[in-house]
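Q: let me see the structure of the following:
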Amino acid sequence: MPSVRTPAPAVAAPSIHLRAVFTWLAVYVMIMATQLLLGPLLGSLSLPIRTLVVTGVVVPTVVYALVPAILRTYGALRRRGSRG
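A: Predicted structure coming up:
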């Protein structure tokens, strides 16, 4: 007989304010990391081109990788905390 699994309890999505904090933290970390890693290479470029390169690295990384990972981690921690 197949086993029946009960779904994990749903965890409410974080408030818009908490998501804003998570996004700000991710953006801040990525801008710092990008400046540290690429700063010497970008230093001779004009400000608009430097900004284009930095935002071209930061925005996709934050939107597609960091914020989803932060939200998954937040959800897992909330589920773990609600169990016991």
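
Q: now the closest residue to Y74 other than its chain neighbours: how far from A65?
A: Excluding the flanking residues, the one nearest Y74 by Cβ to Cβ, 6 or more residues apart in numbering is P14, at 6.0 Å. Any C-beta I mention is one placed from the backbone N, CA and C, and that applies to glycine too. In this view, P14 and A65 are 18 Å apart by Cβ to Cβ, to the nearest Å.

Q: which of the two has more neighbours?
A: P14 (16 against 12; other Cβ atoms under 10 Å).

Q: which SS class is the more buried one?
A: Three-state assignment for P14 (DSSP: H, G, I helix; E, B strand; the rest coil): coil.

Q: next, the contact list for it, please.
A: P14 sits next to 22, 71, 74 when contact means Cβ atoms under 8 Å, 6 or more residues apart in numbering.

Q: what are the phi and psi values at it?
A: P14 has phi and psi values of phi -60, psi 150 when expressed as degrees, to the nearest 10.

Q: let me see the confidence value for it.
A: The per-residue pLDDT reported for P14 equals 92.

Q: A10 now?
A: Looking at A10, its pLDDT is 68.

Q: ok, so of the contacts of P14, who is nearest T61?
A: Nearest to T61 among those, counting by Cβ to Cβ, is F22 at 14.1 Å.

Q: hmm, that closest one is touching R72, no?
A: No - using Cβ atoms under 8 Å, F22 is not in contact with R72; the gap is 11.1 Å.

Q: helices of the chain, start to end?
A: For the chain, applying DSSP state H gives helices covering 16-42, 47-61, 67-83.
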